[in-house]
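> from the sequence below, what's the structure:
(one chain, ligands or ions: 2)
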Amino acid sequence: MKNVVGQAVRGKDFWDRKSELAKIWQAIENGTHPLLVAPRRVGKTSIMYKILDEPKDDYAVVYVNTESADSENDFWHKLFNALMDEEFKNKNKLVLKSFYARIKTISIKKISTSGIEFDDGKVLDYAEAFEELIKEIDSDKKLIIMMDEFAQTIENIIKYASIREAESLLKTHRSLRQNPKITSKVTFVYAGSIGLESVVAKLDAMKFINDLNSIKVTPLSKDEAAEFAHSLNTLIKSDEIFYLLERIEWLIPFYIQLIIQEIHAICLEKSLHVISKETVDQAIEHALDHRNHFEHWLARIKSAFEKDEFKFAKEILNLLSDQGTLESKEISNLADKYGLEHEVAKEIIHALVYDGYINNNENPKIYRFNSPILKLWWYKNVAN
Ligand SMILES: Nc1ncnc2c1ncn2[C@@H]1O[C@H](COP(=O)(O)OP(=O)(O)O)[C@@H](O)[C@H]1O
Ligand SMILES: [Mg+2]
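Ligands and ions are numbered 1, 2, ... in the order given. Got it, this is the predicted structure:
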């Protein structure tokens, strides 16, 4: 197993996530539309690649990342391109014969940002064209359309197009999911690293997503994490593995890969054959120097929040990185300091929990960082 740090994994490098995959397949087979939720770097894209590369027999799967779309048309444009992509087409042209045949007869003249113009002069916007083409599918296989970073797309559309467009896209999706002619042929899988619910709450548009089947992608269990670490580096013995996992605490594959990579580098540099706890500590120190692996946590709150909201969120994280925990009471005081209404402050805390920064799992009134590694990085690079 290769240690792939940062990129979503595929093929042999994928560490099996049996229970997540089983949950997702079950949701699909039950006829629901899953929403995969987990912060960045927990492993959503890798799981979707696994579904893409090894679908069950009765399904054809297309994957599209719409993160860079910032208008409704842009979203559909990307989805169309994914369906017209040569690799997908070659793999599925027999299964989706009637779909591609239909596309041919109406011979699309122009795929532009404004929609699709057909040969007979008919012009449809993307959503209508999509619906019309999907209805043509005549196959024993159902199409699974996986849309990665969907919540980010909605957030972009709110920011760079309009609230109305964001609502319209959510509404169109909702009506596609309610149309039996569509759902007999297609299952939609949505994924997002930021909470779709927090984004949608701002629009009062919960009614457009409350039918989705929300599936949490969780960190690895201790046993899984130990096996995963061992598969990446066979030199490291169980005592040190458990020490490593204790220090990482939030056991997402990414942090395990990152620290193991640094352990490997130290071993090479010092010609070590035995890995001690000191080596683990040193590897964690080195891992923190990779700014690019952590910077997005700061960038995210900068782009998601308005000025005072950002200052409030940053101060909470600064304090947490220093003192470890923060009580609800102190958070309320901070909200007052920044002149934020308590409802707004609550939404911000909710977003920080949802997006993977902090949790209050042990005590509903006490917050702390999810990841001690991020906490260390934050303390060194943001708070001080
Ligand atoms: N099942 C897995 N097996 C091996 N590595 C994984 C797995 N899931 C995630 N990773 C690693 O974690 C990091 C983030 O994975 P990715 O799938 O891109 O997460 P997300 O889409 O949630 O941000 C990558 O470095 C990837 O190699
Ligand atoms: Mg991803």
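> what does the protein put close to ligand 1?
4-9, 13-15, 17, 38, 40-46, 193, 253-254, 257 (Cβ under 6 Å from any ligand atom). The C-beta positions use only the backbone N, C-alpha and C, and glycine is treated the same way.
> the residue in the stretch 1-150 of the chain that ligand 1 sits nearest to and residue 236, how far apart?
Residue nearest to ligand 1 within the stretch 1-150 of the chain: residue 43 (2.9 Å; Cβ to the nearest ligand atom). Counting by Cβ to Cβ, to the nearest Å, the gap from residue 43 to residue 236 is 21 Å.
> can you check residue 313 too?
Relative to residue 236, and taking Cβ to Cβ, residue 313 is found at 36 Å.
> ditto for residue 130
If you go by Cβ to Cβ, the gap between residue 130 and residue 236 works out to 50 Å.
> test for you: state the pLDDT assigned to the residue located most distally from the centre of the chain.
Distance from the centre of the chain peaks at residue 120, with 40.3 Å (Cα atoms, centre = their mean). Per-residue pLDDT puts residue 120 at 73.
> secondary structure class for it?
At residue 120 the chain is in coil, as set by DSSP: H, G, I helix; E, B strand; the rest coil.
> same thing with residue 67?
coil.
> sorry, back to before: which ChimeraX command selects the buried ones in the residues of the chain next to ligand 1?
Selection command for ChimeraX covering only the buried members of the residues of the chain next to ligand 1, criterion 16 or more other Cβ atoms under 10 Å:
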select :4,5,8,9,14,15,17,38,40,41,42,43,44,45,46,193,253,254,257
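> what's the first helix or strand after the helix or strand of the chain with the lowest mean pLDDT?
Sorting the helices and strands of the chain by mean pLDDT, DSSP states H and E puts strand 110-111 at the bottom, at a mean of 63. Going down the chain from strand 110-111, the next helix or strand is strand 116-117, by DSSP states H and E.
> show me what that next one is packed up against.
Contacts defined by 3 or more Cβ pairs under 8 Å, 6 or more residues apart in numbering; DSSP states H and E place strand 116-117 against strand 123-124.
> hmm, who's touching the strand it packs on?
Contact with strand 123-124 is made by 115, 116, 117, 118, 132, as judged by Cβ atoms under 8 Å, 6 or more residues apart in numbering.
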